[in-house]
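Engineer: Mind folding the following:
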Amino acid sequence: MLEVSDWLIVPFITLLLVAPSAKYSQQVSRVNPLLWGFLAWALLSIISIHFRYEYLDVLPILIGSGLKLTRLVLYAAASIMISSKLSDPTVRKQWLWSLLAALLILSIGLLASRGDSGAQPSDALEGYKSYNSIIVSIAILCIYTSGLWIDNIGGRKWNRCACIVVVVAVCSVLSSSSLTTHGRGGWVAFAAGFGYILWARTRNVKILAIVTIVGVASLTAYDTLPTFKSLVDLTFSPSDLSTPLSVDDGDRVSTWVHEAPKLVDAPVLGTGFYHRGGASSLWSSGSHNFFIQMFLETGVVGGVLVILIFALLWQLAGLSTSSRSRITLATRAAITTAIVGGMSGEYYYGGVGVLTLFATFAIVGSLPTGRTVLAIDSAGAQPARWRLAQ
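Structural biologist: This next block holds a predicted model:
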C-alpha cells in the first residue's frame, strides 16, 4: 500500500541532492556502516526465501519483500542526507521551523479526520495508512520540540510558536481518539520521552508548564469528549474480568510471548524481511513490536544491527559536541520516545516513522566528528561556530 509520503520521497531526495552539502566529516557518517550492514543482511534474508521455503510461485513474495526493503532504503537515504545539508547555523534554525510545521500539519490532519466514523486509516484525509504511526511520529516531534524549548534553543519567536503547536498537537491526539483508533502506544511513548526529560531536568521550571498543559488538556478531554472518556475507562478498567492485568494492553504482551519464540525456527537469517504468513509461520499481522519483528524476519544478526543503530544514535547524542550545542536532552528524549513507540508496533519499515526519527537526530548528525573539531581548534577557529545560532 502506497502512502502519500511515498509519492513525495523521490522528489524530496532530488531536492536534497541539489542542496549544498557539508564540507567536513559529520557524526552521521558513523551510522552509515550499520545501516548498510542491516540493508545487506535484510537483502540476503529476502533472496534466501526461495531456497528455504517451498512455494509454488515465490516471485510475488520476493517482489513484495524487495519493494518493502527498497522503500526503507529510500527513507533511510533521505534521512541521512538531511544531516549533510545542515552544516550552516542558519539552515539549522530553518530546519527547526520545518519540524514545527511538520508537527502542526500532522496535528491538523488528525483534527480534520475527527468525527468521520467512516474514514479508513488509508484515506488521503489522514495522509498516511497507519493512524498509530502518526501518533508515534507526533509524540516524537512533541518530545523533541519540548526538549528544545526547555533548553531555549530555537530563539524567542520559535519558542513561542512551539508552545502553541505542542498544545494543538496534544489536543488533536486527544480529540481524534476513539475506541477503534486511539494510538495508545504513542501515548505511552510520549510518557516515556517526557519521563526522560523529567529525570534529566528535575529542577527546570518549564517542565512544570508542560505538566500543567498536558494535565489540563487530559482532564478537559476526559470531561468533554465521550469517546476519550470511554477509551480511558476501557484502558484502566478492562471489560474482560478474567485478565490478570489491571490495564488493557491491547494484547501486546501476549502477542510478544506468542511470536518471539519463533526465532528458533530461523535464528540466523530470519524468515526474510517482511516475510510473514504463509510458510514463514509468523502471524501476518506481525508481533506489534518492531524490534522483535526484526529478529524474527532478519535473524539475530539483523536484530542486533537494529539495536546497535539505536544505541549509536543515543551515544552520538551525548557526545561533547552535542552537549555544547545543547541538543542532547531533546535528541535523547526523542530517541527514547521512538524506542518505546517501536515496542508497540512496526513503525520503522520506512515512511513517516523513519523520517521523523532521523529528522530529530539530524542536527546531532550534522555536527563534526572529533577529528574535525581538533582540526578546527588547531587552526584557531572558535568551536562555537558549530553551535546552533543563539
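Engineer: Determine the set of other helices and strands touching the helix or strand where Phe310 lies.
Structural biologist: Here Phe310 is covered by helix 290-317, with elements defined by DSSP states H and E. Judged by 3 or more C-beta pairs under 8 Å, 6 or more residues apart in numbering; DSSP states H and E, helix 290-317 is in contact with helix 32-47, helix 252-259, helix 328-342, helix 351-366. In short, each C-beta sits where N, CA and C put it, glycine included.
Engineer: Against Ala101, how distant is Ala302?
Structural biologist: Actually, residue 302 is Gly rather than Ala. 35 Å (C-beta to C-beta, to the nearest Å).
Engineer: quick one: which of the two has more around it?
Structural biologist: Between Gly302 and Ala101, counted using other C-beta atoms under 10 Å, Gly302 has the larger neighbour count: 25 against 12.
Engineer: ok, the residue nearest to the more buried one when sequence neighbours are not counted - how many residues close by?
Structural biologist: Leaving aside its sequence neighbours, Gly302 sits nearest to Trp41 (C-beta to C-beta, 6 or more residues apart in numbering; 4.9 Å). Using other C-beta under 10 Å, the number of residues around Trp41 comes to 21.
Engineer: From Phe290, how far off is Trp41?
Structural biologist: 16 Å.
Engineer: Let's see stretch 25-41 as PDB, backbone CA atoms only.
Structural biologist: What follows is stretch 25-41, C-alpha atoms only, in PDB (Å, rounded to 0.1, in the frame of the first residue of the first chain):
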ATOM      1  CA  SER A  25      33.200  14.900   8.300                       C
ATOM      2  CA  GLN A  26      29.900  14.600  10.200                       C
ATOM      3  CA  GLN A  27      28.700  12.400  13.100                       C
ATOM      4  CA  VAL A  28      26.000  10.800  10.900                       C
ATOM      5  CA  SER A  29      28.800   9.100   8.900                       C
ATOM      6  CA  ARG A  30      29.300   6.800  11.900                       C
ATOM      7  CA  VAL A  31      25.800   5.400  11.400                       C
ATOM      8  CA  ASN A  32      26.200   4.500   7.700                       C
ATOM      9  CA  PRO A  33      28.200   1.200   8.200                       C
ATOM     10  CA  LEU A  34      25.400  -0.200  10.500                       C
ATOM     11  CA  LEU A  35      22.700   0.900   8.100                       C
ATOM     12  CA  TRP A  36      24.500  -0.600   5.100                       C
ATOM     13  CA  GLY A  37      25.100  -3.800   7.100                       C
ATOM     14  CA  PHE A  38      21.500  -4.200   8.000                       C
ATOM     15  CA  LEU A  39      20.300  -3.500   4.500                       C
ATOM     16  CA  ALA A  40      22.700  -6.000   3.100                       C
ATOM     17  CA  TRP A  41      21.700  -8.700   5.600                       C
END
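Engineer: Any buried residues in it, and which?
Structural biologist: 26-28, 31, 34-35, 37-39, 41 (16 or more other C-beta atoms under 10 Å).
Engineer: so can I have JSON lines of these showing distance to Ala200 and pLDDT?
Structural biologist: Converted to JSON lines, the buried residues of stretch 25-41 look like this (distance: C-beta to C-beta, whole Å; pLDDT from 0 to 100):
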{"residue": "Gln26", "distance to Ala200": "25", "pLDDT": "90"}
{"residue": "Gln27", "distance to Ala200": "20", "pLDDT": "92"}
{"residue": "Val28", "distance to Ala200": "23", "pLDDT": "91"}
{"residue": "Val31", "distance to Ala200": "23", "pLDDT": "94"}
{"residue": "Leu34", "distance to Ala200": "26", "pLDDT": "95"}
{"residue": "Leu35", "distance to Ala200": "28", "pLDDT": "94"}
{"residue": "Gly37", "distance to Ala200": "31", "pLDDT": "95"}
{"residue": "Phe38", "distance to Ala200": "29", "pLDDT": "96"}
{"residue": "Leu39", "distance to Ala200": "33", "pLDDT": "95"}
{"residue": "Trp41", "distance to Ala200": "34", "pLDDT": "96"}
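Engineer: Which two of those residues have the greatest separation?
Structural biologist: Gln26 and Trp41 (24.6 Å; C-beta to C-beta).
Engineer: so where is the stretch 251-390 of the chain shaky, pLDDT-wise?
Structural biologist: 370-390 (pLDDT under 70).
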